[in-house]
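A.B. asks: coordinates only, sequence not included:
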Ligand code: OXD
């Protein structure tokens, strides 16, 4: 029997990054391939490291050695399929490495809305000297829905702006940077008291269309909605209706129902919407952080220790 632990990463890695994973134990052999080549390589892999958006279900039957899938991304909703759920293949994610870039992305959106930069940029395209009302984030309230590793860093940075931070979280905990922590049943209170609502929850059956017409109505008319989680957490049609009706002041969206957002999608046309192409987590340091996490998890796997970010495949997170 082959005594090597063969790890197949569906992304290119530098020699240094490969060496970092292989340095965990002499039995480890890391190889990489492009997404289009997966069918040629998957049969030999004990461990697969794909991005969360990759649909590996067509190749699963030929992955006879596969014992563990470690995603490069935090989101795993697209990688879970019935045969995987019913198998004993372990699934772990890269949760925990996104906090720095994603929180900076949220602050960039929040401050752009506050200072009117989204409007200034449009004027600049037309070389138009035009002032818009601007506000301050200081002492305003940010409501964070989902206080995982990303939500916590957002809270900390908003506190540094002297904002009031409220958050909704599944289970109560001591939180250093949160002024008011609420349970999921108090979501409406967060919505009606926040000047900025930030979505940082995973997509699960429970969070699908969490922000619907009824919930948008609970928000203040001068409040902004920022989504860096998954597009399907918002009912996009209800959001566009709310924007048209002036029910909320604007939305900063990094994620969408359909990605890439189609060129003829009406969301492109709103002055008070900032659209970014699912890039909140992008950073030159992303892969290094992912590789460090993978190396840590490989060591845990080999030594039979508790693994990081194990996904409950039934629940989807
Ligand atoms: C992720 C993301 O899931 O960046 O990692 O959206």
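C.D. replies: Ah, there it is. Since the model is a prediction, treat every value here as computed from it, not as a measurement.

A.B. asks: ok, so what distance separates residue 37 from residue 306?
C.D. replies: 33 Å (Cβ to Cβ, to the nearest Å). To be clear about C-beta, it is placed using only N, CA and C from the backbone, and glycine gets the same treatment.

A.B. asks: okay, these two: which has more neighbours?
C.D. replies: A count of neighbours by other Cβ atoms under 10 Å puts residue 37 above the other of residue 37 and residue 306, at 11 against 6.

A.B. asks: Where does the more buried one sit: helix, strand or coil?
C.D. replies: Remark: residue 37 carries the secondary structure label helix [criterion: DSSP: H, G, I helix; E, B strand; the rest coil].

A.B. asks: what do you get for residue 91?
C.D. replies: For residue 91, the reduced secondary structure class is strand; criterion used: three-state DSSP.

A.B. asks: any idea how far it is from residue 194?
C.D. replies: Between residue 91 and residue 194 the computed distance is 33 Å (Cβ to Cβ).

A.B. asks: okay, those two: which has more neighbours?
C.D. replies: residue 194 (25 against 21).

A.B. asks: dump the residue contacts of the more buried one.
C.D. replies: Neighbour list for residue 194: 141, 142, 143, 166, 219, 220, 223 [criterion: Cβ atoms under 8 Å, 6 or more residues apart in numbering].

A.B. asks: For it, which non-adjacent residue is spatially closest?
C.D. replies: Nearest residue to residue 194, sequence neighbours excluded (Cβ to Cβ, 6 or more residues apart in numbering): residue 143, at 3.1 Å.

A.B. asks: Okay, and the closest residue to residue 288 other than its chain neighbours sits in which element?
C.D. replies: Taking Cβ to Cβ, 6+ apart, and ignoring the residues beside it in sequence, residue 288 has residue 17 as its nearest neighbour in space, at 7.0 Å. With secondary structure defined by DSSP states H and E, residue 17 is part of helix 15-22.

A.B. asks: again with residue 29
C.D. replies: Per DSSP H and E, the secondary structure element for residue 29 is strand 28-32.

A.B. asks: Please verify my assumption that residue 53 contacts residue 73.
C.D. replies: Yes. Taking Cβ atoms under 8 Å as the contact criterion, residue 53 and residue 73 are neighbours in contact, 7.2 Å apart.

A.B. asks: So between those two, which is more surrounded?
C.D. replies: The residue with more neighbours, out of residue 53 and residue 73 and counting by other Cβ under 10 Å, is residue 73; that gives 20 against 16.

A.B. asks: Is the more buried one in contact with residue 52, as I believe?
C.D. replies: Yes. Between residue 73 and residue 52 there is a contact under Cβ under 8 Å: 3.8 Å.

A.B. asks: shared neighbours of these two, anything?
C.D. replies: Listed as contacting both residue 73 and residue 52 by Cβ under 8 Å, 6+ apart are residue 93.

A.B. asks: Spell out which parts of the protein neighbour the ligand.
C.D. replies: Taking Cβ under 6 Å from any ligand atom as the contact definition, the chain meets the ligand at 52, 73, 74, 75, 98, 281.

A.B. asks: so how far is the host helix or strand of residue 41 from its chain's centroid?
C.D. replies: Secondary structure assignment for residue 41, by DSSP H and E: helix 38-41. Averaging C-alpha coordinates over helix 38-41 and over its chain gives two centres that are 28 Å apart (Cα atoms, centre = their mean, to the nearest Å).

A.B. asks: do the same with stretch 279-288
C.D. replies: Between the mean C-alpha point of stretch 279-288 and the mean C-alpha point of its chain there is a distance of 12 Å (Cα atoms, centre = their mean).

A.B. asks: Pretty sure residue 192 sits against residue 217.
C.D. replies: No. Residue 192 is not in contact with residue 217 according to Cβ under 8 Å; the separation is 9.6 Å.

A.B. asks: Distance-wise, check the residue nearest the centre of the chain relative to residue 151.
C.D. replies: The residue lying closest to the centre of the chain (Cα atoms, centre = their mean) is residue 229, at 4.3 Å. Between residue 229 and residue 151 the computed distance is 10 Å (Cβ to Cβ).

A.B. asks: Find the residues that touch each one of those two.
C.D. replies: Residues touching both residue 229 and residue 151 by Cβ under 8 Å, 6+ apart: residue 200.

A.B. asks: All set now, cheers.
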